[in-house]
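**Q** What would the 3D arrangement of this be:
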Amino acid sequence: MPLDAPTLFFVTIVVMAMISLLLLWVWLHNQSVKTLAWWSGALLLEAIGTTLVLLRGRIPDALSVDLANALLIAACGLIWSGARIFSHRTVHPSFALGAAIWLAACQFDAFYSSLPARASLFSVLIGGYALLTAWEFWRETEPLASRPAIIACQILNALVFFAHSPVLMLSAAPGGAQPLMGPWFTFIALQGTVHNMAAAFLFLAMAKERVELRYKTASRIDPLTGAFNRRSFVNSANQQMARMRLDDPPIALILFDLDHFKKINDRFGHPCGDEILKLFCSVASTHLRASDVFGRLGGEEFAALLPGATAASAHLVASRILVAFETAGEGLALAGLKTTASAGVAVSGVGCSSFDELFTVADRGLYKAKRAGRNRVREDETPFAPVPLRSSSA
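**A** Modelled structure (predicted):
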């Protein structure tokens, strides 16, 4: 079988139909990834449109030119919409605008009889949708390894179609005819096959990476508050302690416990209690640095690790959080509700050469804060001076 444009167009049709069915099958098994359904529909439209293009000269131009190109343009609009859905954005109504513009333009004889006009409009619409698709993936913030590749794939596709019009003009036969047997159409058919295969499999890879990332995140993050869960906080704290060297400043640990939280749940209900927990996390986060580590240890207990903080500075941070939390609770406007917390502070030094020891000292401080009447910050009275946790040569 010769490697000419019609043969490659036929291969493209078969490949697009198969990929469409593959994406549909994957979507039926994981309907949460709605982009799969949109891209499956897009590739099906591309297969139908390409079939009509291949039949040009044997079927009316209204089908092989008007409808065929409208379907190809609409398919690109669906791909763009699928990218928006993947990025948690709504479908923009203009996904069908390109096909409507094409069909409207075909109603004018001057446009329809002009190959340069048709080629230019077709190129701009296809290339524009490809760039919009690339832009949607570019705006995606999740660290997905396949994202740069699919962006490059869409940009390359746009560049090919932007070159479509000038290449057709340069290679057109006398009288403006442009048969499907030309080398440019052979290239377009081959490029279309490669592009659709690459884009589909890159997207499947991206969808898989997102699922893996979310499973990984779910294992590290408390689902209610968005803070580190206990395991992740302790792991991060142990890593911070292990990295300390001889001349490093100390590390401070603050333990928080929301006062009378069980009574809040009993009186105002668990939904209110959940809001209080989220409120505390929001308040605490605004008073912590980007380098600090914050986590929920369980129930109404939280912790913050402050690298490079002294006892005085950690005490000040904890006090500010308690004051801000009490003030924020007043804004809830629930009669009888008072949001306060107690805190214990510890700083690495003598008797605190590991996170477990630091935690024990901070917990003693928290116990003293509760015994002293709650809504206050306390430190363990055992004096200690900063010492290296491990030598720099270790």
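**Q** For Ile73, give me its contacts.
**A** Ile73 makes contact with Gly98, Ala99, Trp102, Phe122, Leu125, Ile126, Tyr129, according to C-beta atoms under 8 Å, 6 or more residues apart in numbering. The C-beta positions use only the backbone N, C-alpha and C, and glycine is treated the same way.
**Q** Hmm, I typed the wrong one, I wanted Ile126.
**A** Contacts for Ile126 (C-beta under 8 Å, 6+ apart) come out as Leu72, Ile73, Cys76, Ala158, Phe161, His164.
**Q** now it: how far from Phe111?
**A** To Phe111, Ile126 is 17 Å away according to C-beta to C-beta, to the nearest Å.
**Q** quick one: Ala290 and Pro307, what's the gap?
**A** Distance of Ala290 to Pro307, computed by C-beta to C-beta: 11 Å.
**Q** who has more neighbours, these two?
**A** Set Ala290 next to Pro307 and count neighbours by other C-beta atoms under 10 Å: Pro307 wins out with 19 against 4.
**Q** so Gly336 is in which element?
**A** Using DSSP states H and E, Gly336 is not contained in any helix or strand.
**Q** For the contacts of Ile126, could you give me TSV that also reports distance to Gly82?
**A** What follows is the contacts of Ile126, written out as TSV (distance: C-beta to C-beta, whole Å):
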residue	distance to Gly82
Leu72	16
Ile73	15
Cys76	11
Ala158	16
Phe161	19
His164	23
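**Q** Tabulate the residues you listed (a markdown table), appending pLDDT and distance to Glu140.
**A** Formatted as a markdown table, those follow (pLDDT from 0 to 100; distance: C-beta to C-beta, whole Å):
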| residue | pLDDT | distance to Glu140 |
| --- | --- | --- |
| Leu72 | 95 | 26 |
| Ile73 | 96 | 24 |
| Cys76 | 96 | 19 |
| Ala158 | 94 | 18 |
| Phe161 | 88 | 23 |
| His164 | 74 | 28 |
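**Q** What segments of the stretch 251-394 of the chain are helices?
**A** Applying DSSP state H, counting those that start in this stretch to the stretch 251-394 of the chain gives helices spanning 261-268, 270-286, 311-330, 355-371.
**Q** contacting residues for Tyr112?
**A** Contacts of Tyr112 (C-beta under 8 Å, 6+ apart): Val65, Ala105, Cys106, Arg118.
**Q** quick one on the thing from earlier: can you tell me which of the contacts of Ile73 has the most neighbours?
**A** Neighbour max across those (other C-beta under 10 Å) = Tyr129, 28 neighbours.
**Q** Domains in the chain, by residue range?
**A** By the assignment in automatic domain parsing, the chain contains the domains 5-218, 230-379.
**Q** Select, out of the ones you listed, the one closest to Leu224.
**A** Set against Leu224 and scored by C-beta to C-beta, these come closest in domain 230-379, at 6.0 Å.
**Q** mind checking how far the closest one is from the chain centre?
**A** Its chain's C-alpha centre lies 30 Å from the corresponding centre of domain 230-379 when counted by C-alpha atoms, centre = their mean, to the nearest Å.
**Q** for the record, mean pLDDT for it?
**A** In this model, domain 230-379 has a mean pLDDT of 90.
**Q** now stretch 35-42: mean pLDDT?
**A** Rounded mean pLDDT across stretch 35-42 is 96.
**Q** got the contact list for that stretch?
**A** Applying C-beta under 8 Å, 6+ apart, the external contacts of stretch 35-42 come out as 20-21, 23-24, 26-27, 30-31, 75-76, 78-79, 81-83, 85-86, 200, 203, 207.
**Q** Can you classify the most centrally placed residue in the chain as helix, strand or coil?
**A** In the chain, the C-alpha nearest the mean C-alpha coordinate belongs to Glu142, at 3.1 Å (C-alpha atoms, centre = their mean). Under DSSP: H, G, I helix; E, B strand; the rest coil, Glu142 falls in the coil class.
**Q** Hmm, it is touching Ala207, no?
**A** No: counting by C-beta atoms under 8 Å, Glu142 does not reach Ala207; the two are 11.2 Å apart.
**Q** Please tell me how far the residue nearest to Arg320 when sequence neighbours are not counted sits from Ala318.
**A** Spatial nearest neighbour of Arg320, chain neighbours left out: His287 (5.2 Å); criterion: C-beta to C-beta, 6 or more residues apart in numbering. Remark: distance between His287 and Ala318 (C-beta to C-beta) = 9 Å.
**Q** Next: Ser81.
**A** 49 Å.
**Q** Repeat that for Pro93.
**A** Distance from Pro93 to Ala318, by C-beta to C-beta: 51 Å.
**Q** Who has more neighbours out of the two?
**A** Ranked by neighbour count (other C-beta under 10 Å), Pro93 and Ala318 place Ala318 first, with 29 against 8.
**Q** That one: what's it in contact with?
**A** Going by C-beta under 8 Å, 6+ apart, Ala318 touches Ile254, Phe256, Ala304, Ala343, Val345, Val377.
**Q** and what of His270?
**A** Applying C-beta under 8 Å, 6+ apart to His270 gives no contacts.
**Q** Return the set of buried residues in stretch 97-115.
**A** Of the residues in stretch 97-115, Gly98, Ala99, Ile101, Trp102, Ala105, Cys106, Leu115 count as buried by neighbour count, 16 or more other C-beta atoms under 10 Å.
**Q** Many thanks, we can stop here.
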